[in-house]
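Q: What shape does this take:
(chains A and B)
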Protein chains: 2
Amino acid sequence: MKKKILEVLKENRDKFISGEELSNSLGVTRTSIWKYINGLKAEGYEIESIPRKGYRLIEEPDILSKDDLLIELKSSRFAKDIYCFDKIDSTNNYAKELALDGAEEGTIVLSDEQTGGRGRLGRPWMSPPGSSISMSIILKPSINPSEAAKITEITAAAVTIAINNATGLDVGIKWPNDIILNNKKVCGILTEMSAELDNINYVIIGIGINVNIDEFPQDIAKVATSLKKVKGKYISRKNLVINIVKEFEKLYYNFINTGSLKRTIGICREKSVTLGKTVKIITKNGEIIAKALDITEDGKLVIKKDDGQIINIISGEVSVRKF
Amino acid sequence: MKKKILEVLKENRDKFISGEELSNSLGVTRTSIWKYINGLKAEGYEIESIPRKGYRLIEEPDILSKDDLLIELKSSRFAKDIYCFDKIDSTNNYAKELALDGAEEGTIVLSDEQTGGRGRLGRPWMSPPGSSISMSIILKPSINPSEAAKITEITAAAVTIAINNATGLDVGIKWPNDIILNNKKVCGILTEMSAELDNINYVIIGIGINVNIDEFPQDIAKVATSLKKVKGKYISRKNLVINIVKEFEKLYYNFINTGSLKRTIGICREKSVTLGKTVKIITKNGEIIAKALDITEDGKLVIKKDDGQIINIISGEVSVRKF
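A: This is a model prediction of the structure:
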C-alpha cells in the first residue's frame, strides 16, 4: 500500500492530491493514508500536506528503496525483484545465494554499505554507506562459459552511458572492466559465474561505483576518484541506478536477441582509454608489455607485442594496466 | 577412538590382538575397547573375538564410511576431509556448499544414495542405494575457467584406470565425460565450477558409477550398464573409491605441477571409443556430423567435417554422441 501511495504521489508530482481521492482510489481509510504518508516522511520523503488540498510530493530522498525502484523501473524487463539492504557483506554473495535458490534473471541486489565488498581476485573494494553504489544483477544467459567475458563488456558499456546520462560526465573504459574518470577509477565491475562446462547456471554482475565519496584513504586516493569529486556536486544514486538498469537491459537483450556484441563494442571502442596505449598484460604465466590496437567484434583486445606479433586476448585471461 | 581401533585391527588383519594390548596402546579401558568393537560389528565389520586371544578382523563391509576411508587414504594428499551420507539430494550440491564455506582442495563427499542426482544440463542421474557410487571432489586449481574442461579429462582418465585396477574390466571413454562398457554407459562425470572471468574459485567434480546395479528401468537399460552386470560378480565400492582417489591424485598433480595434460591425454586417446568414429556434435547453434580424428595435447577433439574442414573443439562447447 505504501508503494501504491508513493506511486500516485510521484505521478501527481506537481499538484495536490486529497486524502479522500487517495482513500477512494486505493480502497483504504483516510486514517490509513495519513499513517502511510507519515511512514514515507520518516523515510525522508518531503511531502507537503495542506488541509482541504491534500498531499504533494516535494522532494524524494536519495535512498535506494525497493518500493521506489520498483515504481521507477516498472516498465523494465529487469528489476521485477529487488533486494535493498542497509548493510551487507557483499551484494554479489547475496545474489549468488538468491541465484542458487532459483531467483529470476534481472533480480537486483543493492546495499547502502558493503562490509566485505570484493573486486577481482578477492581484492577488497570500499563501499562506504550513503555515498557509493553496490549493486549486483543476476543473469541466466544461455551462452557458453567462454562467452561470459562479453557480459562484462556489456556492463562496462552500459555503466559508461548511464553515468554520462545521469551526470554529464564523460567517463572512459579501461578494458575490460574498469570505469575511469580523470585517469582514476570511479567504478569496478566484478563478473562471477556458476557453470557446467558447456552451460552457464548463472552470472552475477557486481557493480561498485564511487558516487558521493568526498575523501579516500591516502593509499587509494592516488588511483580512485568519485563522481562528486569531479562534478563538484552531489549525484543522485537512485537516478544513476535507474539509468544503469535501463542501459544495461538495452545492450544485454540486444546481445541475447542478435547474438552480436556490435552495439556494446561500438561503445567500448569509443570510450576506451586503453586503445592506442602501451599496456602491461598480466597473465597467470607472466607479464607482457604490448600496444593495445583494437577491440574485436566479439570483445577481444587486439595487442601488438614487442616482436611485432599481433594477438587477440580475452578478458578472462588477463589483467591490463596502463604502463 | 573407533577409527584408531579399526586402524589397529586392519594393520593386524591376520592375527589376534588382545583387548589388553589395544587398551594399553590406545590408553582406554578394556571395557571401552569392547564397546567400540561392538560398535564396529554393528556397522557390519565381522570381528572374531576369542577369550585370552583377543580380536581379529575377518571381513569388512562394503560401506563408504569416513573413518575407514580416512585410514585407507591416509597417505593421500586428497581426502583429508570426507563426508559420507546415507542419503542426500546431490553430492555436487553439498560439495558446492562446503566449497563456499572454505573447504579445502581434495575434500570428498560421498553418499550411499542420491535423491536428486544430476547429469550434464540438469538431466537426472539414477543413484540407487547400496549399489552405486556418488562422489564429489572439491578442487581449487589455479587455472583459467577456459581450462576447466581439462579437469573432466583428468577425471575420465583416472576413473578408467581405477575401474580397470579394481575390476579388471576394460572400460572406454566417450569423449569427453562418459565411461563406457560394452557400448553402454557405466559412469558419468559432471564438472561444475564457480569462477571469476580469469580465476576459478572452485571446481566440483561429480562422479556417478553404476557398480552393483542389477536391473535398470526399461528406458535406461538400453543405454546403461553396471560393472557387476558385465563382470558377473559383486564389486567392492570402497575399493573402487580408493582407487579413483589415488589415480585421480596422480594425474591431477601431474597436470598442476607440469602444466601439461600429456599423461592424461595418453590415457584418453588409448581408451577412447570416439576416435575413428563418425560422431554427432551437438552445439548450442545446432548439430554437426563429423569424423573424430584425434585428441590434442590440451584435450581438444579434432574432427573432420563433411566439407573436409578439420577443426578442434573443446568439451565446454559440445556434446558428442556416437552416430
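Q: residue ranges of the helices in the stretch 51-200 of chain A, please?
A: Assigned by DSSP state H, counting those that start in this stretch, the stretch 51-200 of chain A shows helices spanning A:66-72, A:91-100, A:148-167.
Q: So in chain A, which helix runs the longest?
A: Longest helix in chain A, counting residues (DSSP state H): helix A:237-258.
Q: tell me the mean pLDDT for that one?
A: For helix A:237-258, mean pLDDT rounds to 97.
Q: now swap in stretch A:190-209 and tell me
A: Averaged across stretch A:190-209, pLDDT comes to 92.
Q: Next: stretch A:53-67.
A: Mean pLDDT, stretch A:53-67: 90.
Q: Just the endpoints, please. Distance across that stretch?
A: Terminal residues of stretch A:53-67 are spaced 25 Å apart (Cα to Cα, to the nearest Å).
Q: buried residues in that stretch?
A: A:54, A:55, A:56, A:57, A:60, A:62, A:63, A:64, A:65, A:67 (16 or more other Cβ atoms under 10 Å in any protein chain shown). Where you see a C-beta, it was placed from the backbone N, CA and C, and this is true even at glycine.
Q: how about the last one, what does it touch?
A: If I follow you right, that is residue A:67. Taking Cβ atoms under 8 Å, 6 or more residues apart in numbering or on different chains, we find residue A:67 in contact with A:2, A:3, A:6.
Q: Next, count neighbours for whichever residue of the stretch 151-300 of chain A sits closest to chain B.
A: Residue of the stretch 151-300 of chain A nearest chain B, by Cβ to the nearest Cβ: residue A:197 (4.3 Å). Neighbour count for residue A:197, taken as other Cβ atoms under 10 Å in any protein chain shown: 26.
Q: Any chance of the backbone angles for it?
A: phi -60, psi -40 (degrees, to the nearest 10).
Q: One more: residue A:3?
A: Phi and psi for residue A:3, reported as degrees, to the nearest 10, are phi -60, psi -40.
Q: Look up the pLDDT of it for me, please.
A: 87.
Q: Likewise for residue A:126?
A: Looking at residue A:126, its pLDDT is 87.
Q: Quick check: the two most widely separated of the buried residues of stretch A:53-67?
A: Farthest-apart pair in the buried residues of stretch A:53-67 is A:54 and A:64; separation 27.8 Å (Cβ to Cβ).
Q: Excluding sequence neighbours, find me the nearest residue to the residue of chain A most remote from its centre.
A: For chain A, the largest distance from the centre (Cα atoms, centre = their mean) belongs to residue A:52, which lies 42.3 Å off. Excluding the flanking residues, the one nearest residue A:52 by Cβ to Cβ, 6 or more residues apart in numbering or on different chains is residue A:18, at 7.8 Å.
Q: ok, that neighbour touching residue A:54?
A: Yes: using Cβ atoms under 8 Å, residue A:18 is in contact with residue A:54, at 3.5 Å.
Q: isn't residue A:46 right up against residue A:59?
A: Yes: contact criterion Cβ under 8 Å: residue A:46 and residue A:59 qualify, at 3.9 Å.
Q: related to what we said a few turns ago, name the helices or strands packed onto the longest helix of chain A?
A: Contact here means 3 or more Cβ pairs under 8 Å, 6 or more residues apart in numbering or on different chains; DSSP states H and E; on that basis helix A:237-258 packs against helix A:66-72, strand A:132-139, helix A:148-167, helix A:262-270.
Q: Residue A:90 is nearest to which of the ones you listed?
A: Comparing the helices and strands packed on helix A:237-258 by Cβ to Cβ, strand A:132-139 comes nearest, at 8.0 Å.
Q: so what strands line up beside the closest one?
A: Applying DSSP bridges, strand A:132-139 is found paired with strand A:108-114 (antiparallel), strand A:200-210 (antiparallel).
Q: picking up where we left off before, hey, which of the helices of the stretch 51-200 of chain A is tucked in deepest?
A: By mean neighbour count, with neighbours taken as mean count of other Cβ atoms under 10 Å in any protein chain shown, helix A:148-167 ranks first of those at a mean of 24.
Q: Contact residues of the stretch 51-200 of chain A facing chain B?
A: By the rule Cβ under 8 Å from any Cβ of the partner chain, the part of the stretch 51-200 of chain A lying against chain B is A:96, A:100, A:120-121, A:142-146, A:148-149, A:152, A:176-177, A:190-199.
Q: Drop anything exposed from those.
A: By neighbour count, with 16+ other Cβ under 10 Å, those hold A:96, A:120, A:143-146, A:148-149, A:152, A:176-177, A:190-199 as buried.
Q: Which pLDDT value belongs to residue A:271?
A: Residue A:271 is assigned a pLDDT of 97 by the prediction.
Q: now swap in residue A:319 and tell me
A: With respect to pLDDT, residue A:319 has a value of 65.
Q: cool, residue A:322 as well?
A: 61.
Q: Domain map for chain A?
A: Split into domains by automatic domain parsing, chain A comes to A:2-59, A:66-270, A:278-322.
Q: ends of the second one, how far apart?
A: Its first and final residues considered, domain A:66-270 spans 34 Å by Cα to Cα.
Q: can you check stretch A:159-178 too?
A: Stretch A:159-178 has an end-to-end distance of 10 Å (Cα to Cα).
Q: Could I get the average pLDDT for that stretch?
A: For stretch A:159-178, the mean per-residue pLDDT is 96.
Q: where's it relative to the chain centroid, distance-wise?
A: Mean-position distance between stretch A:159-178 and its chain equals 11 Å (Cα atoms, centre = their mean, to the nearest Å).
Q: do the same with stretch A:217-237
A: For stretch A:217-237, the distance to the chain centre is 17 Å (Cα atoms, centre = their mean).
Q: just stretch A:201-221 next, same as before
A: Computed by Cα atoms, centre = their mean, the chain-centroid distance of stretch A:201-221 equals 10 Å.
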